[in-house]
Every structure is written in structure tokens, then in C-alpha cells.
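1. Need a 3D model of the sequence below.
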Amino acid sequence: MEQDGIPPQPNYGQPGGFPQGPQGYGQPYIQYPEESQAVLSLVLSIVGLVACSGLLCPIGWHFGKKELEGIDAGRRDPSKRDMAKAGQIIGLIGTVLLALGFLLFIGIMVLAFASAASA
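-> Got it, this is the predicted structure:
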């Protein structure tokens, strides 16, 4: 209702506020102060694991961890928790594989130098 010619102001982020969001008709649109980075975490982790020999996995793991912290603090959308958790887990697996590959490379180099020195 207009009072004194002033239109009503939207009540963003509050239950019963408008505009109606993607949740469906009649459900309030809740706006969180920070954008979700769950998709970024998952994409970086998967691409890092599949295409980049694990180089992007630590970054995906970090973004997943930060996303879960933001969700727990109420700054980000909790509906993205599963995606953030998947990004964090895949990033962790890729990071461990990257570290094991690096240690294997160092071990091979040590053996190569040791065999070259004894020859």
C-alpha cells in the first residue's frame, strides 16, 4: 500500500519479503551476504584431478573449505553444502595424489643420481 505517495520498499533477505525467488511461488527469497563458491570448488577439483595432474586440486580444496565455513557462519546458501563438500573431498584426494606423485618423482631422481654416481 502506498502512503503519502511513497511506494513500499522491498524487504530483501527477510521472510515474507519480495521479490519471490527461485525456491517457488509463495516462498520468500533469502539473500545471503556472500556468493556461493561451491560450484567453483567442485569444478576446480574435478578439472585438477582429471586434466591438470592435480595442480588445481589444492585450490579447489581451499575453496570448498572456505565455502563450508561460510555456510556454517550463515554467510552463504546452505543448499550448496553437498556440492562444497564434494569439491573439498575431491580436492583433498587430488592433493594427496599430487603429493605422492611429487614424492615418487623425488625418489626416482635420488635413485637416478645415486646410480649415476656409482657408475
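2. element containing Asp72, please.
-> Under the criterion of DSSP states H and E, Asp72 resides in helix 57-73.
3. what's the helix or strand just after that helix packed up against?
-> Remark: after helix 57-73, the chain's next helix or strand is helix 81-118, criterion DSSP H and E. With contacts taken as 3 or more Cβ pairs under 8 Å, 6 or more residues apart in numbering; DSSP states H and E, helix 81-118 sits against helix 38-50, helix 57-73. C-beta here means a position set from N, CA and C on the backbone, and glycine is covered the same way.
4. where does this structure have low pLDDT?
-> For the chain, applying pLDDT under 70 flags the ranges 1-29.
5. Name the residues of the helix holding Asp72 that come out as buried.
-> For helix 57-73, a neighbour-count test (16 or more other Cβ atoms under 10 Å) marks 57-68, 70-71 as buried.
6. one step back: need the helices and strands packed on helix 81-118 in TSV (columns: distance to Thr95).
-> Listed next are the helices and strands packed on helix 81-118 as TSV, based on distance: least, Cβ to Cβ, whole Å:
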stretch	distance to Thr95
helix 38-50	9
helix 57-73	5
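7. now for those, which one comes closest to Gly107?
-> For these, the distance to Gly107 is smallest for helix 57-73, at 21.0 Å, taking Cβ to Cβ.
8. so that closest one versus helix 38-50, what angle?
-> 160 degrees (axes from the mean of the first three to the mean of the last three Cα atoms, to 10 degrees).
9. relative to helix 81-118, how tilted is helix 57-73?
-> Orientation check (the same axes, to 10 degrees): helix 57-73 against helix 81-118 gives 150 degrees.
10. so which of the helices and strands packed on helix 81-118 gets nearest Lys80?
-> Comparison of the helices and strands packed on helix 81-118 against Lys80 by Cβ to Cβ identifies helix 38-50 as nearest, at 3.8 Å.
11. how about Met83, what does it touch?
-> Contacts for Met83 (Cβ atoms under 8 Å, 6 or more residues apart in numbering) come out as Ala38, Val39, Ser41, Leu42.
12. Ignore what I typed, I meant Pro33.
-> Going by Cβ under 8 Å, 6+ apart, Pro33 touches Arg75.
13. Go ahead and report the secondary structure state at it.
-> Following DSSP: H, G, I helix; E, B strand; the rest coil, we place Pro33 in the coil state.
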